[in-house]
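Asks: need coordinates for the following:
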Amino acid sequence: MKNGRIFITVPDFESSKKWNTFKDHEEIPEGTFAPLSGPEKGLPHSFFTKEEAQKLFSKFKNLQLNLDDHGRWIAQASK
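Replies: Predicted coordinates for the structure are as follows:
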C-alpha cells in the first residue's frame, strides 16, 4: 500500500534472558527460542537486537524504534 504506516512490536534479545517463559528453552536458529514447558511449549519466538530490528524495518521511512518497559522494540514507520 502506498503511503502506508506500520506500528508493530518485536521482543528485544535481552528479554529472552529475563522472561520466565524462556528460562528453560531450546535455541532453534540463533535468536529464536522455543520454551520447553508451559503454555507456549515448543512455540518458536524470535528476539532482536536494536541493530537487527533496524535492519528488519530498513525499507520503511521515518523509522522510530523505541524499547518499552516490557522489553519490546516498538517500531513505527511509513512506506
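
Asks: now the element after the helix or strand in which residue 66 is found, going C-ward?
Replies: Per DSSP states H and E, residue 66 falls inside strand 61-67. Sequence-wise, the next helix or strand downstream of strand 61-67 (DSSP H and E) is strand 72-78.

Asks: show me what the helix or strand bottoming out on mean pLDDT in the chain is packed against.
Replies: Across the helices and strands of the chain, mean pLDDT, DSSP states H and E gives its lowest value to strand 25-27, namely a mean of 91. Helices and strands touching strand 25-27, as assessed by 3 or more CB pairs under 8 Å, 6 or more residues apart in numbering; DSSP states H and E, comprise strand 32-35. In short, each C-beta sits where N, CA and C put it, glycine included.

Asks: could you pull out the buried residues of the strand it packs on?
Replies: In terms of neighbour count (16 or more other CB atoms under 10 Å), strand 32-35 has its buried residues at 33, 35.

Asks: direction included, what does the strand holding residue 66 pair against?
Replies: Partners of strand 61-67 in the sheet, by DSSP bridges, are strand 72-78 (antiparallel).

Asks: now what about the strand it pairs with, what contacts it?
Replies: 3-12, 15, 48, 50, 53, 56-57, 60-68 (CB atoms under 8 Å, 6 or more residues apart in numbering).

Asks: could you rerun that using 7 Å?
Replies: 3-12, 48, 50, 53, 57, 60-68 (CB atoms under 7 Å, 6 or more residues apart in numbering).

Asks: do the same with stretch 49-65
Replies: Identification of contacts with stretch 49-65 by CB under 7 Å, 6+ apart yields 6, 10, 13, 48, 73, 75-79.

Asks: most neighbours out of the residues you listed, which is it?
Replies: Neighbour tally across the contacts of stretch 49-65 (other CB atoms under 10 Å): the maximum, 24 neighbours, falls on residue 73.

Asks: and the pLDDT for the spatially closest residue to residue 26 that is not a sequence neighbour?
Replies: Computed as CB to CB, 6 or more residues apart in numbering, the closest residue to residue 26 that is not its neighbour in sequence is residue 34, at 5.0 Å. pLDDT, residue 34: 95.
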